[in-house]
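J.: sequence first, predicted model second:
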Amino acid sequence: MAPTIRLATDADRPQPAVSLSGFVRRFGANTILDGLSLDIAQGEFVALLGRSGSGKTTLLRTLAGLDPTDGQDVTIPAARAVVFQDPRLLPWKKVWTNVTLGLKGADPRGQAEAALREVGLGHRLDAWPGTLSGGEAQRTALARALVREPELLLLDEPFAALDALTRLKMHELVLSLWRTHRPAVLLVTHDVDEAIALSDRVLVLDAGRIAAEEVIATERPRVASGELQAVRRRLLSHLGVEAPAPVEPATVADVVSFPRTGALGA
């Protein structure tokens, strides 16, 4: 007997973690988000680029549940967490209590210790925030987000204030944590190279709408290639920046890493 072939239907496909359809946000006479539609799949890593005033912060506040959605067509998971550029640690509370702020459970210290070990800070459990380096403070903020086991992790330029080496280490850490926990991730950044290095998909927000999208299927870690350099040039063009043409033949620097000219000012 011939095997039965059943075609996949919409019911078979997993529901997106995030879904907005025709979303509008106005402040007085100013329209910030103008009929924006966006889906983020479960476990997908998406980066969002955009010039200042494009609506990135307003979108992030909406997805974080900080702004009302006024009955619009919006789906966001109840379990979500945000990591900001500023770690926002309370200086009068030890590291582990900063991680478990507002967290309910029978063993908050044990939960904090497990999360801090994941980010490499198990030995700083009882430290005061003022004694942490910038990278340690941001890892603490990541632990605070992950201990809540979010289905949606929102990253609001979390690496912008870090030095270049610490930033690269944080990239590796975030990818490792993402692979382990598999939340949907939305990374808001001004850095085109960072977006390309980390995400499955890069979006450009302009005038309150998604103006461009690039799907990046290259395996991580990513090194510069003709294909990725073309993606980079297209993204920069959408952001109003003309990237220099690649030099031929490629230099060692071209092969090892992206030129660090992809960051846009705030």
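T.: Everything's here; your move.
J.: can you give me the strands in this structure?
T.: 18-27, 30-40, 45-49, 74-75, 80-83, 152-156, 184-188, 201-206, 209-215 (DSSP state E).
J.: now render these as TSV, adding mean neighbour count and distance to Ala114.
T.: Heads up, the C-betas are built off the backbone N, CA and C, glycines and all. Shown next, in TSV, are these (neighbours: other C-beta atoms under 10 Å; distance: least, C-beta to C-beta, whole Å):
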stretch	mean neighbour count	distance to Ala114
strand 18-27	16	27
strand 30-40	16	27
strand 45-49	25	23
strand 74-75	15	30
strand 80-83	22	16
strand 152-156	24	17
strand 184-188	25	20
strand 201-206	22	30
strand 209-215	15	34
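J.: so can I have TSV of these showing mean pLDDT and distance to Lys56?
T.: Shown next, in TSV, are the strands of the chain (pLDDT from 0 to 100; distance: least, C-beta to C-beta, whole Å):
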stretch	mean pLDDT	distance to Lys56
strand 18-27	92	12
strand 30-40	93	10
strand 45-49	97	6
strand 74-75	92	17
strand 80-83	95	13
strand 152-156	96	8
strand 184-188	97	5
strand 201-206	96	6
strand 209-215	95	11
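J.: and these as TSV, adding distance to Glu136?
T.: Output for the strands of the chain, formatted as TSV (distance: least, C-beta to C-beta, whole Å):
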stretch	distance to Glu136
strand 18-27	30
strand 30-40	29
strand 45-49	24
strand 74-75	35
strand 80-83	14
strand 152-156	17
strand 184-188	20
strand 201-206	29
strand 209-215	33
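J.: any idea how many residues pack against Leu173?
T.: Counted with other C-beta atoms under 10 Å, residues neighbouring Leu173 total 17.
J.: hang on, I meant Glu227
T.: The burial count for Glu227: 11, using other C-beta under 10 Å.
J.: same thing with Leu165?
T.: The burial count for Leu165: 9, using other C-beta under 10 Å.
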